[in-house]
Structure formats: C-alpha cells, structure tokens
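J.: Following is a predicted model, sequence given first.
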Amino acid sequence: MFRNRLLTVGLRASVPHREGLHRTAVNYAGARRRHASSAATEITEHNVRQKTMEDLGGPSFLTTLNWLFLKGYLPKTQQMQVEHSKIYGPLWKSKYGPMVVVNVASADLIEQVLRQEGRHPVRTDMPHWRRYRALRNQAHGPLTEMGAKWQRIRSILNPRMLKPQHVSSYGITINDVVTDFLEKLVWLRAKDGGGVMVNDVAGELYKFAFEGISSVLFESRMGCLNDEVPEETQKFIYSVGEMFRLSAVVVLFPQSVWPYLPLWKKFVAAWDYLFKVGEQLWHREVRTIQWLNKVDLHQDVEGAYLTHLLLSEKMTVTEILGSITELLLAGVDTTSNTISWALYQLAQNPSIQDQLYHEVRSVCPGNKMPDSDDIAQMPYLKAVIRETLRLYPVVPGNARVTVDKEIVVGGYLFPKQTLFHLCHYCVSHDENIFPNSRVFQPERWLRGREEKSKQHPFGSVPFGFGVRACLGRRVAELEMYLLLSRLIRRFEVRPDPNGAEVKPITRTLLCPATPINLQFLDRGAQRAPGPAAGASL
Ligand code: HEM
C-alpha cells in the first residue's frame, strides 16, 4: 500500500501512461533485469506497442533506501551509479521519496537526452532553492531560473564569462591570486609541515578558488589567502557547505512540512548569509564605481564582472545580486576539488608531472607570468585537466527535466516533465570508451592519438552540454591552467609518504573523502628545461 502510494505520487507526471503501467505490470511481472538496449517496442498479437517509462526496471524506494543507508552508498552515490548500471543496464528508474528519476548511464543515451533539449533546458525545478528566494523576495540566478527568464539572464551573463577575449582579461587578476597562493603554500609548509608538507590541500584550494572567483566578479580581494582568514569569509565558506549539505536532506521531505523542520531554518539561515555577503560585496563595488565616477564616463571597463553588469543597466539590483550569489556558489568547490585531484594524481605519477613541467618550462621559462596565449601552447596541461575531470567529474551526475515535450530515449517514450539523471561518473569510467579507465592517462586527450579519435563525444562532458552548460567554464579553466602551470613550474609535488589512498565521496559534488596531504619541494635551479610534450590538444 505504502509502496503503491509512493509509486502513484512519483509517477504523477506520467498520468497519461497509467494504462500502460497496468498492462506492463502483467506482461513483465517478475522480470528483474531490463536493458535499454532491448527492443524498443513490444510486438503483441495485434499491434506494436511503444515501450514507456513504466516498462523500465529499477530499484524500489525501499531498495534504494537499503542501498543508501544499509549498504552505505549515501556518501558514494557515484559508485551506486556504476553498481546499478551493472544490475539494470544503461537505463533504469529509481525512486527517491516522491520523486521518480530515470537514470541514463551510456554515452549514446546521454547524447540522445541532451540533443533533444528544447530552447530552455531545465535541470530540476530545485523547489527548496526557489522556495527560499520566494520567502525572502530574492531574484533567481542562472542556476535556479527557468524558461524565457533564464534565457534572458544567460544572454546578459554569458558574454563576459564565456567570450575568450573577455575571459583572457581576467588573467592578470587571477595571476595575482595565484602568486598569493604559492606564497601561502610556502608559509603553510614552513608553519605546520616541516618545510615540505601541506596538509588538506583541498581546503587551501577552496580558499584560493573563493578568492579567485570573487576577484573576477568584484575585482576586490576577500583576504582568503591571508595568514588569518577573515571571519566573514570563513562563515561564507561554512554556509556554502551547510547549504549543500542541508539541500540534499530537505528535498526528501514534502514541501508542506518544510517550515516546521529545524533543518529548514538552518537551510534558510545559510542562504541568508550567502545573500548577505553578496549584498556587502555589491555595496562595496557600487561605492568604488561612484568614487571612480565610472558611471558618468560610461567607459568600457575590462576586468570587473560586476562593474560591467552594473554599467550595462540590463538587470535590476536584485537580479544582479541573485546572479552574483549563484556564481559565487557555483565557482568555488568545483574548481578547488578539480585542482586538488589533479595535484593528487600528479604526485602519484612523477613521469606525467615531469612531462607537464617540461611543457610549462619550455613555453613559459623563468618567472614569466603565463597568459592565455601561453596556455594555448600547452596541450599537455589541458589534457591533465581533462583527464582529471574524466576521472573525478566534480558534477558526477546531472539532472535534466523534459519540460514541454515527450521524448524517446533508448527506444522508450518518456512523458513531459520526466526527470533524467545523467550518470556522468559511470560513463566516464566506462572501459569501452576509456580503456584502463581507472588509470590517470592525460595522453588519451592528445590530438593525433588513435584513442582520442575513437572517443565518444559524450563520454566525458564535465561542464555539461548545450545552452545550459556551465556558465563559468572558461573562467574555471583559466584559473586551473594558471595555477597548475605555475605551481608545477615552482614545486615538485610528492605524495604524503604516510598517506593512504584518497577516495572520492559525493557531497552533492565529488570531493576527496579524506584530506589530501602533499609535499611541495622547491624545484632545483639546476633543472634545465626539457623538450616540450610536442602534441597538440
Ligand atoms: C571545474 C570547474 C567546474 C565544473 C566542472 C563545472 C561544471 C558544471 C556543470 C556540469 C554544470 C551543469 C551544466 C548542465 O546542466 O548541463 C554547471 C553549471 C553552472 N556552472 Fe559550472 N563548473 C565549474 C566551475 C564553475 C565556475 C568557476 C562558475 C562561476 C564562475 C560556474 C558557474 C556555473 C553556473 C552559474 C551554472 C549554471 C548554468 C545554468 O544553469 O544556466 N561553474 N557547471
């Protein structure tokens, strides 16, 4: 009874197909394993019947709870994707409380979903994030807005975030942050690491990423890399973590009980703080602009993203605040986790690190600050980041809702409003697409390699695809390239001799389960630049 009720609630979006469900229940009773590759249609005596979502196999809510809580997959849902795809094939449905989710775990099928997106793709309706904004009268940003309003926001935010000539202008600002971060590493290893070791590199990179994105957005420094991190910055960092942690739990409860949950109050408080910081930074920027009299001059201001938004006068203050807060939120853990994993892998693989070092030294010798033109000549550096994002996709699974039309995927017809979960982690570890998939091999991304030419274009799409893909991709890449190239040029990175293997864990994003501690040794002046990697990406 309980199960039936959940099923009914969960399938509310597919009412037109209920009849199909009953028929299917009879036709397929007892069938446990279903594979999307099986025939698209079922041929009966009288007709050919289109398979629908109801025909898909997958775990019940209780089975899912068992996996999450008893089998212990809650912190490693990325691995649950892999295990479930072994049981159910590349397409299956799971139930999470009242939600039914269709999991898609093959590059072909992910391509089918993404290529059928309309003009206004929706990730999920994120009811809890939207409810907060309604409660506090705050505007939606690119992460939470939908439909034509979302498209309008993106059309305003896109140019200065994605156009190469604008993004490369952030290089100087980011290089300043990188300089401070390298000094911070030196300070940390002297202070707590016996002159070599830096503990919890991901935590330090989190501060780097926060400083990096805020300096791009506001052109002002937050002091995250100071010896003593300002209290409000620490609280912002804490609030982001709390908000993500509580998000995953709040959404499991019916919306009607949210206001009565203590965790809802904490969730609201975390968001309040994030918006408060956004507002403070906004005020600071407005004062600077007024001081510089830039508004009167209407000059083209390269650099500060917020200044540009303010001067363009295309958004209201509330809208700018909504967008800036979401950009801050999206731009920190993503970049910092990715660089942490890249360093972790480079430390384990000295020959790969050497190859990267030689490439950087040959393109950018001495203390020259790399810029976008230099980066363009560093295919190996780019391959290192691509491979890191394949092995550790920071967004391990991405949601997509079919809003206004039915679509066919893997031969199954899905109704409007179907919620798809694209299992990127599972696909980017698929041996058929990436041989030796567990091994860190940047070479597989180098042009001219046979493997590269055979790769499926949707085998690893860490920034998403299409019009709703990551807004911060170019800035994130620039940050990661500048930091990694300068860091490897200056230090030789080695693993913690007493450290155990660091595994990934899913806390909304894919993070290191245990702290990553690494040794940073100054590169000897005697090391001569070696040959460049010689390949191109
Ligand atoms: C390694 C770094 C990053 C990775 C791997 C990453 C990945 C992603 C992914 C997978 C999505 C969802 C795309 C989709 O649904 O198709 C996304 C969305 C988004 N990202 Fe990133 N991201 C990164 C860094 C950043 C940074 C630095 C920013 C901010 C400057 C940012 C801002 C956003 C925003 C605003 C969205 C929502 C876009 C929309 O819905 O229109 N991301 N990102």
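T.: Right, received. Where do you want to start?

J.: Residue ranges in the protein under the pLDDT threshold?
T.: 1-47, 291-303, 525-537 (pLDDT under 70).

J.: The ligand contacts on that one?
T.: Remark: the part of the chain in contact with the ligand comprises 123, 142-143, 154, 213, 326-327, 330-331, 334-335, 338, 389, 394-395, 398, 462-465, 468-472, 475-476, using Cβ under 6 Å from any ligand atom. (C-beta placed from N, C-alpha, C; glycine too.)

J.: What about those, which are in helices?
T.: Those of those mapping onto helices are Arg154, Ile213, Glu326, Leu327, Ala330, Thr334, Thr335, Thr338, Leu389, Val475, Ala476, per DSSP state H.

J.: which residue sits closest to the third one, ignoring its sequence neighbours?
T.: Leaving out its chain neighbours, the residue that sits closest to Glu326 by Cβ to Cβ, 6 or more residues apart in numbering is Gly141, at 3.2 Å.

J.: got it, and the last one?
T.: Sequence neighbours aside, Thr335 is the residue nearest to Ala476 in space, at 4.9 Å (criterion: Cβ to Cβ, 6+ apart).

J.: Ala209 is in contact with the one you found, correct?
T.: Yes - contact between Thr335 and Ala209 holds when scored by Cβ atoms under 8 Å: they sit 4.3 Å apart.

J.: Give the residues shared as contacts by these two.
T.: Listed as contacting both Thr335 and Ala209 by Cβ atoms under 8 Å, 6 or more residues apart in numbering are Glu479.

J.: Endpoints of stretch 497-517, how far apart?
T.: Stretch 497-517 has an end-to-end distance of 10 Å (criterion: Cα to Cα, to the nearest Å).

J.: Tell me where the stretch 401-537 of the chain has strands.
T.: Counting by DSSP state E, counting those that start in this stretch, residue ranges of the strands within the stretch 401-537 of the chain are 407-409, 412-414, 419-422, 491-495, 504-507, 509-512, 518-522.

J.: Redo those strands as JSON lines? Include mean neighbour count.
T.: Formatted as JSON lines, the strands of the stretch 401-537 of the chain follow (neighbours: other Cβ atoms under 10 Å):
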{"stretch": "strand 407-409", "mean neighbour count": "18"}
{"stretch": "strand 412-414", "mean neighbour count": "23"}
{"stretch": "strand 419-422", "mean neighbour count": "24"}
{"stretch": "strand 491-495", "mean neighbour count": "20"}
{"stretch": "strand 504-507", "mean neighbour count": "18"}
{"stretch": "strand 509-512", "mean neighbour count": "21"}
{"stretch": "strand 518-522", "mean neighbour count": "19"}
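
J.: Give the PyMOL command for selecting the buried subset of the residues of the chain next to the ligand.
T.: The PyMOL command for the buried members of the residues of the chain next to the ligand (criterion: 16 or more other Cβ atoms under 10 Å) is given here:
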select buried, resi 142+143+154+213+326+327+330+331+334+335+338+389+394+395+398+462+463+464+465+468+470+471+472+475+476
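
J.: ranges for the helices of the stretch 101-250 of the chain?
T.: Per DSSP state H, counting those that start in this stretch, the stretch 101-250 of the chain carries helices over the ranges 107-115, 127-136, 147-162, 164-168, 171-192, 201-218, 231-250.

J.: Export the longest one to PDB, keeping only CA atoms.
T.: Read it as helix 171-192. Extracted in PDB, the C-alpha atoms of helix 171-192 (Å, rounded to 0.1, in the frame of the first residue of the first chain):
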ATOM      1  CA  GLY A 171      44.300  36.600 -16.400                       C
ATOM      2  CA  ILE A 172      46.100  39.400 -14.600                       C
ATOM      3  CA  THR A 173      43.700  39.300 -11.700                       C
ATOM      4  CA  ILE A 174      43.900  35.600 -11.400                       C
ATOM      5  CA  ASN A 175      47.700  35.500 -11.700                       C
ATOM      6  CA  ASP A 176      47.800  37.900  -8.700                       C
ATOM      7  CA  VAL A 177      45.700  35.400  -6.700                       C
ATOM      8  CA  VAL A 178      48.000  32.500  -7.900                       C
ATOM      9  CA  THR A 179      51.000  34.400  -6.700                       C
ATOM     10  CA  ASP A 180      49.500  34.800  -3.200                       C
ATOM     11  CA  PHE A 181      48.500  31.100  -3.200                       C
ATOM     12  CA  LEU A 182      52.000  29.900  -4.000                       C
ATOM     13  CA  GLU A 183      53.300  32.100  -1.100                       C
ATOM     14  CA  LYS A 184      50.700  30.700   1.100                       C
ATOM     15  CA  LEU A 185      51.900  27.200   0.300                       C
ATOM     16  CA  VAL A 186      55.400  28.100   1.300                       C
ATOM     17  CA  TRP A 187      54.100  29.600   4.500                       C
ATOM     18  CA  LEU A 188      52.000  26.600   5.300                       C
ATOM     19  CA  ARG A 189      54.700  24.000   4.800                       C
ATOM     20  CA  ALA A 190      57.100  26.100   7.000                       C
ATOM     21  CA  LYS A 191      54.400  26.500   9.700                       C
ATOM     22  CA  ASP A 192      53.000  23.000  10.000                       C
END
